[in-house]
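>>> Could you work out the structure for the sequence below:
(one chain, ligands or ions: 1)
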Amino acid sequence: MSELKANESSIPVYILSGFLGSGKTTLLVQLIEHWQKQGLRPAVVMNELGEVNLDGQMVDSTVPMTEMLGGCICCTVRGDLGLQLADLVQEESPDVIIIEATGAANPMEILDAVTETSLYMRLELKSLITVVDAAHLSGLYQEQKGQTFKLMQEQIRCASVLLLNKTDRVNEQQLADLRDLLARWNGFAPAISTVKCEVDMDMLLRSGDNVHAYQSVDETSKHANKEQNVHSEACAEHSCSHNHGHEHHEHVDHNHEAHQHSDVNVHGHPHDHDHNHAHSHASHEHVMVYTHYFTKPVNSEAFERLISELPRDVYRAKGILTFSDTSSRFWFQYAYRESDYMKITPQGDVPNVAVFIGEHFDQTVIRNQLLELEATNEA
Ligand SMILES: Nc1nc2c(ncn2[C@@H]2O[C@H](COP(=O)(O)OP(=O)(O)OP(=O)(O)O)[C@@H](O)[C@H]2O)c(=O)[nH]1
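Numbering: from 1, shown residues only. Predicted coordinates for the structure are as follows:
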C-alpha cells in the first residue's frame, strides 16, 4: 500500500509555487500521472490570474479540479481557499490534493490558509514545492532589482523543496552560480536541477516533506544559518495590506469587477467576496493581466511575430487560438522570451483567447496590435 493511503486520517496537501511560466503546470501534469499510477485519486486547486483557466486544459479531465480565477490566491481570493478545500474533500474524497498557485503568489499566504484549514479539516500540508526558471532567475539576479526579483526570492525562501528548472537554457557556469544562490537563499530546501521538471517524483515528494519546519519561525531558525533567518523573516513578515484604493483597475489585486464575473468555482457557484476589504499585496501589486477574446481567426505567422516581439515587461502569455491559415486549433505559450505552439483539441467549449501577464506594460498597445491582426486578416 502506498505511503499516502496508509495514513487514512489526513489528506496530504502539496503547494506548487514558482514564478510565472517557471514550469508549475508541467510538473503538475507529471505529479498527477505519478499518483494515478499508484492508484491514488488526486484533486487539484488551480488558481489563475486571468479570467480563463487555460492550464486546466493540460490536466486529465477526470481529475477533480477547483478553479480560482481572476485573482491571486495569496491575497484577493485567499479567503476562498479554505472553502474550496472543504468542497473538494467533501465532494470528491481525494487521496491527495495539490494547489497550483499563480506565478505571482507569495506561497506563505497559501501556506497559512492551508494550515488554518487543517485546524478543522483532516488535511496535512506535506510540502511547498517552488519551481524556479533558471534562465529567468539568472537574468534577474544580474540586475538585482525589481519587484519580480523580490517575489521570486520570496518564493524560493519559503520552499521546502526547490526545482531548478529550465537548466537547458543556462550554461554550466550559470547553473553552478544559480545552485550557490539557491543554497544561500534557502539552504534548508534541497534543490533539484531539471529540464521540463523531469525528476523522480517519489524522491521529489520525499525531499519536500519538511514543511512543518516552516510553520513556526522558532522551528525554522533551528535549521537556519544567517541567510535563512532572513528567509523566515521574509516569509513571516510578508503582509497583505488592506488599505489600498481601487484606482488601478488593471492591477490584479484591484480588479474586483473581474472577480464578480469570473471567480466561479468548479460547480459554477460564484464566491461571495467581501468587497469591503480591498486586499492588496505588497509584492505583486505591480502584476497586470490583459485577457483578449478573439472575434476572428488571425494569421499564424503574424501572430507568432507579435509574440516574439512582445515588450520585455510581459513575462508570460498563453492562450488557445484558431488561425486563419491552419486547420487545427493551437495552444500557445510564451515564458521569458521563449514561445511554444502545440496543436490542441480543447476539452469543452473554449473561446479563442490570449492572456498576457507582466509588469506595468501598456495593455492598449497589445490590444490594438491584436485587433489589427484580426482586421488585417478580414481584408
Ligand atoms: N526550455 C524549457 N522550457 C520549459 C521547461 N519546462 C517547462 N517549459 C516550458 O515553459 C512554458 C511554461 O511552462 P508551464 O508549466 O506552463 O509554467 P507555469 O509555471 O505553470 O506557468 P503559469 O501557470 O502561467 O505561471 C511552457 O511552454 C513549457 O513547455 C524546461 O525545462 N525548459
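>>> Break down the stretch 251-379 of the chain into its strands, ranges please.
With strands called from DSSP state E, counting those that start in this stretch, the stretch 251-379 of the chain shows them at 287-293, 314-322, 329-335, 338-344, 353-359.
>>> any idea which element the residue most central in space within the chain lies in?
Most central in the chain under C-alpha atoms, centre = their mean is residue 102, positioned 2.9 Å from the mean C-alpha point. With secondary structure defined by DSSP states H and E, residue 102 is part of neither a helix nor a strand.
>>> before we move on, what about residue 68?
Using DSSP H and E, residue 68 falls in strand 65-69.
>>> Each with direction, which strands does that strand pair with?
For strand 65-69, the pairing partners within the sheet under DSSP bridges are strand 42-48 (parallel).
>>> how about low-confidence regions in this structure?
Low-confidence segments of the chain, defined by pLDDT under 70, are located at 1-8, 70-79, 210-286, 378-379.
>>> rewinding a little: quick one: the strand holding residue 68 near the ligand?
No. When contact is scored as C-beta under 6 Å from any ligand atom, no part of strand 65-69 falls within range of the ligand; the minimum is 12.2 Å. The way it works is simple: take the backbone N, C-alpha and C, and place the C-beta from them, glycine included.
>>> Which SSE is immediately downstream of that strand?
helix 78-92.
>>> What residues sit buried inside that following helix?
Neighbour-count burial for helix 78-92, counted by 16 or more other C-beta atoms under 10 Å, picks out 78, 80, 81, 82, 83, 84, 85, 87, 88, 89, 92.
>>> same thing with stretch 178-197?
Neighbour counts over stretch 178-197 (16+ other C-beta under 10 Å) mark 178-179, 181-183, 185-194, 197 as buried.
>>> sec struct for residue 98, please.
Counting by DSSP: H, G, I helix; E, B strand; the rest coil, the backbone at residue 98 sits in strand.
>>> Leaving out the residues flanking it, which one is nearest to it?
Closest residue to residue 98 in three dimensions, ignoring its sequence neighbours and counting by C-beta to C-beta, 6 or more residues apart in numbering: residue 14, at 4.7 Å.
>>> Just the closest residue of the stretch 101-250 of the chain to the ligand, please.
Of all residues in the stretch 101-250 of the chain, residue 103 sits closest to the ligand, with a separation of 3.1 Å (C-beta to the nearest ligand atom).
>>> who's in contact with that residue?
Listed by C-beta atoms under 8 Å, 6 or more residues apart in numbering, the contact partners of residue 103 are 18, 19, 20, 21, 22, 24, 49, 315, 316, 357.
>>> Return the backbone torsion pair for it.
Backbone torsions of residue 103, given as degrees, to the nearest 10, read phi -70, psi -10.
>>> Can you pull the residues of this structure lying near the ligand?
Taking C-beta under 6 Å from any ligand atom, the part of the chain that reaches the ligand is made up of 18, 20-26, 55, 103, 165-166, 168-169, 195-197, 316, 333, 335, 338, 340.
>>> List the ones among the residues you listed that fall in strands.
18, 165, 316, 333, 335, 338, 340 (DSSP state E).
>>> got these as a markdown table, with neighbour count columns?
Output for those, formatted as a markdown table (neighbours: other C-beta atoms under 10 Å):
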| residue | neighbour count |
| --- | --- |
| 18 | 28 |
| 165 | 29 |
| 316 | 24 |
| 333 | 17 |
| 335 | 22 |
| 338 | 14 |
| 340 | 10 |
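>>> which one among those residues gets closest to residue 310?
Ranked by distance to residue 310 (C-beta to C-beta), those are led by residue 316 at 9.8 Å.
>>> pretty sure the closest one contacts residue 354?
No. Assessed by C-beta atoms under 8 Å, residue 316 is found out of contact with residue 354, at 11.1 Å.
>>> Between all of the ones in strands among the residues of the chain next to the ligand, which two are separated the most?
Comparing every pair within these by C-beta to C-beta identifies 18 and 340 as the most remote, at 17.2 Å.
>>> In CSV, list the C-alpha atoms belonging to the longest strand along the chain.
In the chain, taking DSSP E as the definition, the longest strand is strand 123-133. What follows is the C-alpha trace of strand 123-133 in CSV, where atoms were taken according to Å, rounded to 0.1, in the frame of the first residue of the first chain:
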residue,chain,number,x,y,z
LEU,A,123,-5.6,17.9,5.8
GLU,A,124,-1.9,17.6,6.2
LEU,A,125,0.4,20.1,4.5
LYS,A,126,3.3,17.9,3.1
SER,A,127,5.5,20.2,1.1
LEU,A,128,5.8,23.5,-0.6
ILE,A,129,7.5,23.0,-3.9
THR,A,130,8.9,26.0,-5.7
VAL,A,131,9.8,25.7,-9.4
VAL,A,132,12.5,28.1,-10.5
ASP,A,133,13.1,29.2,-14.1
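>>> Pull up the pairing partners for that strand, direction included.
Strands flanking strand 123-133 in the sheet, each with its direction: strand 11-18 (parallel), strand 161-165 (parallel) (DSSP bridges).
>>> just checking, residue 111 is part of a helix?
Yes. Applying three-state DSSP, one finds residue 111 inside a helix.
>>> And it, how far from residue 163?
When distance is defined by C-beta to C-beta, to the nearest Å, residue 111 is 17 Å away from residue 163.
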